[in-house]
Every structure is written in C-alpha cells, then in structure tokens.
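> one predicted model, sequence on top.
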Amino acid sequence: MKRVLRIGGTLLAGAGLLAAAWSLTVWQWQDPFTALYTSHQQQSLEAAYEHGDAAYLPATRVRAPVRVQRRRVARAAHRYRAKLKTGDAVGRLRVPRLHLNAIVVNGTDGATLTKGPGRDQRSYVPGEGELIYIAGHRTTYGAPFANIQRLRKGDEVTLEVPYGRFVYRVSSSAIVPATDLARLRSSGREEIALQACHPRFFATERYIVYARPVSVLPRGGTVYRVSGAST
C-alpha cells in the first residue's frame, strides 16, 4: 500500500511539474499546438490576399490634389468593405513593436479568430474615416497580441489593403470591462483599435490600444499626410 501511495504521489508530482512547465511556456511564448494551426491558416490567407491584391485595378496614376485622392480612397474603401465576407483576408497588419506581420481576417467570432487577428464587422476599413476594430488572441492561436501592453504612444501600426497602405501611430490605451460594447462605436474619425483579452488567460476585461492615422499611400497615387495626425 505504501508503495502504491509513493508511486501515486510521484505521478501526481510529475503531472504538477509538467502542468507548471506548460503554463510557463504558454505565458512566456504561446500555445505551440494552436500556433501551428494558425500558421497554416495564415499561409492560406496570405495566398488569398496576394491573389486579390495582384488583381486589384487602381485608378489611373496621375498627380491629384489630396482632397481628390481622399475621395478616391474613401470610395475604394467602401466598395472593398461591401465585398468582404466572414473569413476573408482583409489586409496585412504590421506592428514593429510586437514583431507582428499578419494577415487580418474578416470577423471576430471564435472560429475566425483562430486564423489570426480579426476585424470586427461592425467596424470599418482604412480610408473610410471611421473606427477599424481588430481583435486578437494573447496566448493561443499565434497569440498576435500577446504583448499588446508593450505598445507605447508614437509606436507605428501599418495596415496594407489592396487600395493603399495606411500608417497609424499609437495615441492611447484603455482597459475596459468585456461588456463595454460602446467601444465598438465609431467616433466619426479614422482610428485603429487593437483589442485583446485582459489579463492574460482571462476574459473579464479588454486591453485596447488606439492608433490614429499619419499618412496614406493610395494604390496608383502619391503619399499624403493626414491632417491632425498623431505625432
């Protein structure tokens, strides 16, 4: 009986150590098994996005006043959002501070977010002059926003879509209850919101980082700065 108890105790201790090691691995990096799945999905999304990007036909490249380029971008953005379906590749998100280079998928339901950071379909796309709300995991499925708390004011966030490249800079952050759906309402100005669960391993709150536009490079156009841009 004592031997059985010793063996049982040893097994329990070993299981405890393995569980602790696994938790530490996920805390420091991410869940490697779900990360493999997301990596495969990202490859598929990238292929789909690159295909759509190559097929995109921009307006004739001519020098035009900023106000004209803005109107063209807004029209292109509205058409683009209208065509997006759940699970589609939206664009390429780059956040140097987070070492993030990922394809944003359209949608934020549980299944869609396993593929990468997702655009909430109640929000907009770059160039519409409204809120672009992007959510992502912190510990599983590639953990794109694992270290979202490291973002600082002035950090660069870039979102590339077929009709242009949009550069933003972090302006602020907030921790809000998970039930605060008011954060999804656009304030009538262009802004990216990057959102992840907070604290890690829990979903009681949301950590949100906001970034405001700095410049736009329209497809077939020339770079222009956004008036009132965050510096």
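That came in fine, so what should we check first?
> roughly how far apart are residue 134 and residue 150?
Residue 134 sits at a distance of 17 Å from residue 150 (criterion: Cβ to Cβ, to the nearest Å). C-beta: built from backbone N, CA, C; applies to glycine.
> report the contact partners of the residue nearest to residue 165 when sequence neighbours are not counted.
Using Cβ to Cβ, 6 or more residues apart in numbering and skipping the chain neighbours, the partner closest in space to residue 165 is residue 217 (4.4 Å). Neighbour list for residue 217: 164, 165, 223 [criterion: Cβ atoms under 8 Å, 6 or more residues apart in numbering].
> residue 174 sits in which helix or strand?
Assigned by DSSP states H and E, residue 174 belongs to strand 164-177.
> in that strand, which residues are buried?
By neighbour count with 16 or more other Cβ atoms under 10 Å, strand 164-177 contains the buried residues 164, 165, 166, 167, 168, 169, 170, 171, 173.
> off-centre distance for it?
Its chain's C-alpha centre and that of strand 164-177 lie 11 Å apart, by Cα atoms, centre = their mean, to the nearest Å.
> got it, and stretch 111-119?
Counting by Cα atoms, centre = their mean, stretch 111-119 comes out at 9 Å from the chain centroid.
> stretch 72-79 too?
Taking Cα atoms, centre = their mean, the mean C-alpha location of stretch 72-79 is offset from the chain mean by 21 Å.
> low-confidence ranges in the chain?
By pLDDT under 70, the low-scoring segments of the chain are 1-30, 59-62, 228-231.
> walk me through the domains of it.
Here the domain assignment for the chain is 1-30, 31-225, based on automatic domain parsing.
> assumed residue 197 was part of a strand.
Yes. Assigned with DSSP: H, G, I helix; E, B strand; the rest coil, residue 197 falls within a strand.
> count of residues packed around the residue nearest to it when sequence neighbours are not counted?
For residue 197, ignoring the flanking residues on the chain, the nearest one in space by Cβ to Cβ, 6+ apart is residue 203 at 4.5 Å. Counted with other Cβ atoms under 10 Å, residues neighbouring residue 203 total 11.
> which element, helix or strand, includes residue 203?
Here residue 203 sits in a region with no helix or strand, counting by DSSP H and E.
> so how far is residue 195 from it?
11 Å.
> before we move on, back to that, could you look up the SS state of the residue nearest to residue 165?
The three-state label for residue 217, taken from three-state DSSP, comes out as strand.
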